[in-house]
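coordinates only, no sequence provided:
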């Protein structure tokens, strides 16, 4: 209905909620638009699935209408038991038309034609103002605080908030809206580290330019740079703008704003939104709707690509040829060839930007390598010169000592190269899992929806007793399996989030509880209980969330493997993640009911050595390396409290806050 106000050339549209946190509340929408005549009401407002609007023409203020079906309006009107419409048409000053709808009468009727709808007209000259007011009373639903906040965010973003001038601004008259609107108006665009501007002309040819945080042009792209050898994009003309942020607290040290302020702002306006004819099209840019696969792309270069919380952008369309078709339920565009091409244009622009940043980073690395090699060579020459001028009686011993140091350094370098190869292999495994996990989301969703449909159809065709006996167990098993796969898909993507690599004072209790909750989807498959036993008070360590997560995830994964290995008990299986304070140390301990550790304890930390038949032999190596880097120690018991292995990581803790 707010979009209807836009089509009616309103400059203001207010939404007032009253007692919506309970059944029986009300919603009122009022605007200062052109209003409706009696004919507009009967041939447009009261007609569902059809509208009198010409979506190809322009309104009095030059706007292209954005509504044409009326289904969204009907859904909103039916939220209450009664609806009152009062409208004052601009073309008939002083005229007021009123319609009252009692939806209960329609529920009791066999056909809608049985219920007459009367348009009452009157005159009012004093204080007359054009526009429309709709009052939906006696709501049949309750709106939670989160629902209202989502509505507020949607209204804030409905009319392009990134535009310098906007002729239409809807408002939700509640405190939450004022806070969100203030956040949008704060506009931290000037603190973006990069801005990309890309254009797609009416012939499908694209171009792009990127500026750094100082406004200096860094890179420029032609159509060939973006699309390669492909033909022009078969998409409507569009403009794409996006601001990318590197949310590093260190980088904001000398800035007049704090990084947390920018994060709060991005939580409201973040994502890449689509604006068609000046109005936002949902759900593009909504929380959880990564229509450009930004989070998936980050698995390739996490440091150089944005996620949906570190970018804010817009795709602006006029689409005069109406090539993009909105779905009937207003949940975005039909994914026809034109929309796929439009999305490809934006993704290609982001991919080109990432490639330029990668190219720049690699060039910097090569320069640093060359400089390091040159410094090493100069240092060696200097050392050789110093030794050469020494008296012979000292020279021999010093040369031998230098040779011993060189051999030790060479051995250390070889070890480091071996570890680099190990971690590259692990990174490959991790990113591959993330890709497969991401791509599995849609098939899993389809399977779940098909299961629900099949379940419904069977219950309609067979008796409930027969369904409960023959079909219910099968559906329960299938549903459990899809839940397991969903949990598996979520884990690797969450672990790769860039923000988790920031060093800070971290409460290991919260990390332990979160990781255990992620693994709980496996309880039915492993017939095991997963428990987090955290210390009574917070236990802080100076580390990144990624480091602590890696410790816990690898220990839990090891424990899971142990539960199904040879010699493990078949019943009462359990994995416990325990956090403790031990003097100046924070201890993370993982216990299981597996068969325990059979090999020599000192060997379990070595790469490639595994405690179980199905183990990879790299999990405990990672735990050891991270723990040592944090200044801690690792340890293990072959038979712990639960009968299986008990492995721990002990890390220096910071004082309790």
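Everything's here; your move. Just so it is clear, the model here is predicted, and its values are computed rather than measured. Numbers count the residues shown, from 1 in each chain.

switch to C-alpha atoms for all contacts and neighbour counts from now on
Noted.

what's the average pLDDT for stretch 305-321?
The average pLDDT within stretch 305-321 is 86.

how far is it from where the chain is centred?
Mean C-alpha position of stretch 305-321 versus that of the full chain (CA atoms, centre = their mean, to the nearest Å) differs by 15 Å.

list the buried residues of that stretch.
When neighbours are counted by 16 or more other CA atoms under 10 Å, the buried residues of stretch 305-321 are found to be 305-317, 319.

filter the residues you listed down to the ones in strands?
Those of the buried residues of stretch 305-321 mapping onto strands are 311, 312, 313, 314, 315, 316, 317, per DSSP state E.

pick the one among those closest to residue 357.
residue 311 (15.7 Å; CA to CA).

nearest residue to that closest one in space, please, no chain neighbours.
By the measure of CA to CA, 6 or more residues apart in numbering, the closest residue to residue 311 outside its immediate chain neighbours is residue 244, 4.7 Å from it.

ramachandran angles for the one you found?
Backbone torsions for residue 244, taken as degrees, to the nearest 10, come to phi -110, psi 140.

thinking again about what came up before, farthest pair within the ones in strands among the buried residues of stretch 305-321?
311 and 317 (19.5 Å).

mind checking which helix or strand residue 355 is in?
With the criterion set as DSSP states H and E, the secondary-structure element containing residue 355 is helix 337-388.

ditto for residue 446
In this assignment (DSSP H and E), residue 446 forms part of helix 441-461.

list the buried residues of the helix or strand following that helix.
Under the assignment DSSP H and E, the closest C-terminal helix or strand after helix 441-461 is helix 464-466. Of all the residues in helix 464-466, not one is buried under the rule 16+ other CA under 10 Å.

for stretch 143-158, same thing?
Of the residues in stretch 143-158, those buried by neighbour count under the rule 16+ other CA under 10 Å are 143, 148, 149, 150, 152, 153, 154, 155, 156, 157, 158.

what about it, average pLDDT?
Averaging the model's pLDDT scores along stretch 143-158 yields 82.

determine how far that stretch lies from the middle of the whole chain.
The offset between the C-alpha centroid of stretch 143-158 and the centroid of the whole chain comes to 18 Å, using CA atoms, centre = their mean.

show me the contacts for the closest residue in space to residue 294 that isn't next to it in sequence.
Take residue 294 and drop its neighbours on the chain: the residue closest to it by CA to CA, 6+ apart is residue 307, 5.5 Å away. Contact analysis of residue 307 by CA atoms under 8 Å, 6 or more residues apart in numbering lists 294, 295, 298.

could the residues you listed be laid out in TSV, adding pLDDT?
As requested, the contacts of residue 307 are arranged in TSV below (pLDDT from 0 to 100):
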residue	pLDDT
294	89
295	83
298	79
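
between the residues you listed, which is nearest residue 458?
residue 295 (38.6 Å).

show me where the stretch 501-650 of the chain has its strands.
Remark: strands of the stretch 501-650 of the chain, listed N- to C-terminal, are 503-507, 528-533, 540-544, 573-582, 585-592, 633-637, 646-654; assignment by DSSP state E, counting those that start in this stretch.

now those as CSV including mean neighbour count?
What follows is the strands of the stretch 501-650 of the chain, written out as CSV (neighbours: other CA atoms under 10 Å):
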stretch, mean neighbour count
strand 503-507, 17
strand 528-533, 18
strand 540-544, 20
strand 573-582, 21
strand 585-592, 25
strand 633-637, 17
strand 646-654, 23
